[in-house]
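1. let's see this in three dimensions:
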Amino acid sequence: MEGQPAEMMKQNGGYTMLLHERSVTRKFVYVEVLKCGSTTRFLSHAYDPNVAFFEMQNRTTVKELTITIKSVNAGTQLTVNYDKQI
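-> Coordinates of the predicted model:
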């Protein structure tokens, strides 16, 4: 999602992740998984993660992709390091 997130969302609490990046129009970029999240709602935090976020911009649209950074077997918990990514 793009725009100005509610003040409580700026704390990265609950299921909303405010990202460090801004859109090309300088708006906040955040993922609110309860409204528009897909598989991102299944990610857990780890200091040794197996996935990472990757930003893709196309004109005024910003997409936050999740990519594997390690070999992952079926049934493995997907983890990301929130501290470095958001």
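
2. drop to CA atoms for contacts and neighbour counts, all remaining ones
-> Will do.

3. which residue ranges form the helices in this protein?
-> For the chain, the helices defined by DSSP state H occupy 82-85.

4. relative to Arg59, how far out is Thr76?
-> 35 Å (C-alpha to C-alpha, to the nearest Å).

5. whoops, I mixed them up, Arg26
-> Distance from Arg26 to Arg59, counting by C-alpha to C-alpha: 12 Å.

6. what's the closest non-adjacent residue to Gln57?
-> Lys63 (6.2 Å; C-alpha to C-alpha, 6 or more residues apart in numbering).

7. CA atoms only for stretch 69-83, dumped as PDB, please.
-> Once non-C-alpha atoms are left out, stretch 69-83 reads as follows in PDB (Å, rounded to 0.1, in the frame of the first residue of the first chain):
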ATOM      1  CA  ILE A  69      18.000 -16.400   0.000                       C
ATOM      2  CA  LYS A  70      18.700 -20.000   1.100                       C
ATOM      3  CA  SER A  71      17.600 -23.400  -0.100                       C
ATOM      4  CA  VAL A  72      14.100 -24.100   1.400                       C
ATOM      5  CA  ASN A  73      12.500 -27.500   1.600                       C
ATOM      6  CA  ALA A  74       8.700 -28.100   1.500                       C
ATOM      7  CA  GLY A  75       7.200 -27.500   4.900                       C
ATOM      8  CA  THR A  76      10.000 -25.200   6.100                       C
ATOM      9  CA  GLN A  77       9.000 -22.100   8.100                       C
ATOM     10  CA  LEU A  78       9.700 -19.000   6.000                       C
ATOM     11  CA  THR A  79      11.600 -16.400   8.100                       C
ATOM     12  CA  VAL A  80      12.800 -12.800   7.500                       C
ATOM     13  CA  ASN A  81      15.000 -10.500   9.600                       C
ATOM     14  CA  TYR A  82      12.700  -7.600  10.200                       C
ATOM     15  CA  ASP A  83      15.400  -5.500  11.800                       C
END
